[in-house]
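Visitor: Using only what follows, build the 3D model:
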Amino acid sequence: MSSPPKIKKGDVRNMKATGKRTFAIILLALLLALIGMSAVVTKPGEYRVIKQFGKIVRVDTAESNPYGLGFKVPFIQTETSISSKLILSDLAASDVMTSDKKSMISDCFVLWRIEDPVKFIQKLSGSQQNAESRISSNVYNALKNVISSLTQEEVISGRDGELAILLTEKLGDNLETYGIKVAKIETKMLDLPDENKEAVYKRMVSERGNIAASYKAKGEQEAQKIKNDTDEKTTVILAQAQKTADTTVAEGEAEYMRILSDAYNDEDKADFYSFVRQLDAMKATLKSQGNTIVLDKDSPIAKLFYQAE
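Guide: Below you'll find the model as predicted:
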């Protein structure tokens, strides 16, 4: 039999060194793994909930931890991530009744966020589905209460924004007990059932026609009043103008007579004026063909013709 190989002292030292390095590597790996299991990284837009034996002991946020890095006790503590962003939930369409007993179909969506992750986990088990179910129930109750206090016409006329404000006010802080904050409620659709649309539209058209006729009648009445006032003012103005014109004509004629009186104040001028008037009268008579003028030989006009011979 051959003798076993002899182990040299140098080989023993190398083996011991290798074992130490291996142990150090394993220890370092375990340490890094332990650090990795202990590290808690919190990103913007989320809550990091730390639990110990199922009980919440800490909530980390990007605001509370600027570096985004925290630690937990491995194997004892666990972490859960919950979104802190705004969430859009589309609610199922539902039938609601107005104060005048008219059925309407409402289809809404809600913008909400988790403000208290501790309450959210305790009340709703940290489930978004449970939260949306609770939101849907509360919004439906608020919608039913608001619309039941309004007529169908008021609901239709207020669906561009007023209804959303009323809903938000009615909902109030009902969901804060679940750690939820509703930012906004909007109606995608608020319409009539198909079987009621035609009748309601006809009624609305008839009502709008009555309102238009009322406005038209008031406008015509106002127009007639304005016309009557205008006619009255026109009559007064025309009467005053006629009075002024008559006064002016009378004053002009009086001035004309005064001028004539001054011009023919002596006998020679008066005779000349009489002679001119006779010539004008004769001229007017001779315009028509076949007319004959008989003059006395002693008349001034006859004497004028005699002198012409």
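
Visitor: Please make it C-alpha for all contacts and neighbour counts, starting now.
Guide: Fine.

Visitor: so where's the stretch 101-250 of the chain shaky on pLDDT?
Guide: 158-161, 193-200 (pLDDT under 70).

Visitor: which stretches of it form helices?
Guide: Taking DSSP state H, counting those that start in this stretch as the criterion, the stretch 101-250 of the chain carries its helices at 117-124, 128-147, 152-157, 162-171, 194-263.

Visitor: Toward the C-terminus, what is the element adjacent to the last one?
Guide: The C-terminal neighbour of helix 194-263 among helices and strands, as given by DSSP states H and E, is helix 267-286.

Visitor: Just list what that next one packs against, helices and strands only.
Guide: Contact partners of helix 267-286 among helices and strands, from 3 or more C-alpha pairs under 8 Å, 6 or more residues apart in numbering; DSSP states H and E: helix 300-308.

Visitor: Now do the helix it packs on, average pLDDT.
Guide: What helix 300-308 shows for mean pLDDT is 63.

Visitor: quick one on the thing from earlier: can I get the helices of the stretch 101-250 of the chain in TSV including mean neighbour count and distance to residue 183?
Guide: Formatted as TSV, those follow (neighbours: other C-alpha atoms under 10 Å; distance: least, C-alpha to C-alpha, whole Å):
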stretch	mean neighbour count	distance to residue 183
helix 117-124	18	16
helix 128-147	18	12
helix 152-157	16	22
helix 162-171	17	8
helix 194-263	12	32
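
Visitor: Residue 27 is nearest to which of those?
Guide: Among the helices of the stretch 101-250 of the chain, the nearest to residue 27 by C-alpha to C-alpha is helix 117-124 (37.4 Å).

Visitor: what does that closest one contact?
Guide: Here helix 117-124 makes contact (C-alpha atoms under 8 Å, 6 or more residues apart in numbering) with 47, 49, 56, 59, 82, 114, 126-127, 130-131, 177-180.

Visitor: Pull out the buried members of those.
Guide: By neighbour count, with 16 or more other C-alpha atoms under 10 Å, the contacts of helix 117-124 hold 47, 49, 56, 59, 82, 114, 126, 131, 178, 179, 180 as buried.
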